[in-house]
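In: For reference, the sequence and a predicted model appear below.
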Amino acid sequence: MTQPHVAILDDEAEIRRILADALNEAGFRTSTFSRATEFEAALKRTAPDVCLVDLGLPDRDGLALVHRLALESGATIIIISGRAAASDRVTGLELGADDYIIKPFEPAEVVARIRARLRKSRPAPEAGGSVARFNGWEAQFDRYLLIGPDGADVPFSHAEGEVLRLFLDAPKRLISRMQMQESLGGAAGESFDRAMDVRISRLRAKLGEDPKNPRLIKTIYGAGYIFLGDVSWH
């Protein structure tokens, strides 16, 4: 089974090692970065499910980076910082972070918080399985994998999978932005809306949808989305 990918951005080598060791032992895949520039370059090649971000970065304002990630990445964002003031925590969460952990921390707590964020309100499949079939496609949620009508494998991230599962559990029913926010968690507002736009855009691309006239994931402007496929769970 493909495990969620956690990207760690911290300029302290020991912190990166502690986090990576704890997460790898817990079964996660990790990548580590000491500079925001290399971190952002890596995001262009791969989409992590979780970003652990230190605010005290040598080459970028940490809060500005968090806000950009919230608007563009679609990943779960957890700040890990020595800044313990309530104002810093509030600002970080308002800018789009999903959680805020203060240094020093217990590695086990970080692992637990990540697991909690990833499973928060994750919908259960209607038929009790982890495989859904729709319109020639098969979604294998235990492997984070789509299998296309031509048999090609198309991997998807945990963040993309959360949205896909929400659609597949409620086919041909309107899902409003408020319902998405309540189901998937995160603060309502511009950051959440943009994160959902990114995830849905990526899902459409992976499903081979025409962005101007998608057949499966329809936008109902001012109301939300409708998934028009015929779905069966296995």
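Out: Here it is on my side, so go on.

In: Show me what the lowest-mean-pLDDT helix or strand in the chain is in contact with.
Out: For the chain, counting by mean pLDDT, DSSP states H and E, helix 190-206 ranks last in confidence among helices and strands (a mean of 83). Outside helix 190-206, the residues that touch it by C-beta atoms under 8 Å, 6 or more residues apart in numbering are 47, 67, 70-74, 95-96, 146, 154, 156-157, 159-160, 162-164, 177, 180-181, 186, 211, 214, 216-217, 225. Where C-beta positions appear, they are placed from N, C-alpha and C, glycine not excepted.

In: for stretch 16-24, same thing?
Out: 6, 8, 10, 30, 32-34, 52, 80, 107-108, 110-111, 114.

In: Quick check: the two most widely separated of those residues?
Out: Ser34 and Ala108 (23.8 Å; C-beta to C-beta).

In: In terms of neighbours, single out the busier of the two.
Out: More crowded of Ser34 and Ala108, by other C-beta atoms under 10 Å: Ser34, with 19 against 10.

In: Please compute how far the least confident helix or strand of the chain lies from its chain's middle.
Out: Taking C-alpha atoms, centre = their mean, to the nearest Å, one finds the center of helix 190-206 at 10 Å from the center of the full chain.

In: what mean pLDDT would you report for the helix or strand that that helix is followed by?
Out: In the C-terminal direction, the helix or strand that comes right after helix 190-206 (DSSP states H and E) is strand 217-220. Here strand 217-220 scores 94 as its mean pLDDT.

In: With stretch 47-61 instead?
Out: Here the average pLDDT along stretch 47-61 is 93.

In: on that earlier part again, mark which of the contacts of helix 190-206 are part of helices, please.
Out: Among the contacts of helix 190-206, the ones falling in helices (DSSP state H) are His67, Ala70, Leu71, Glu72, Ala159, Glu160, Glu162, Val163, Leu164, Arg177, Met180, Gln181.

In: Return the item of the residues you listed having minimum pLDDT.
Out: Lowest confidence among the ones in helices among the contacts of helix 190-206: Leu71, with 72.

In: Okay, and the beta partners of Ile77?
Out: Cys51 (DSSP bridges).

In: got a list of what it touches?
Out: Here Ile77 is in contact with Val50, Cys51, Val53, Val66, Leu69, Ala70, Gly96, Ala97, Asp98, Asp99 (C-beta under 8 Å, 6+ apart).

In: and if we set it to 7 Å?
Out: Cys51, Val53, Val66, Leu69, Ala70, Gly96, Ala97, Asp98 (C-beta atoms under 7 Å, 6 or more residues apart in numbering).

In: measure Ile220 to Asp150 for me?
Out: To Asp150, Ile220 is 30 Å away according to C-beta to C-beta, to the nearest Å.

In: err, Asp21, not the other one
Out: Noted for Asp21: a distance of 41 Å to Asp150, by C-beta to C-beta.

In: Just want to know which of the two has more residues nearby.
Out: Set Asp21 next to Asp150 and count neighbours by other C-beta under 10 Å: Asp21 wins out with 12 against 7.

In: where does this protein dip in pLDDT?
Out: Where the chain drops to pLDDT under 70, the residues are 1-2, 120-129, 185-191.

In: quick check: domain ranges of it?
Out: Under the assignment automatic domain parsing, the domains of the chain span 5-119, 131-233.

In: what about the first one, distance to the chain center?
Out: Put plainly, it is domain 5-119. That offset, for domain 5-119, works out to 12 Å (C-alpha atoms, centre = their mean).

In: What distance separates the opening and closing residues of it?
Out: 14 Å (C-alpha to C-alpha, to the nearest Å).
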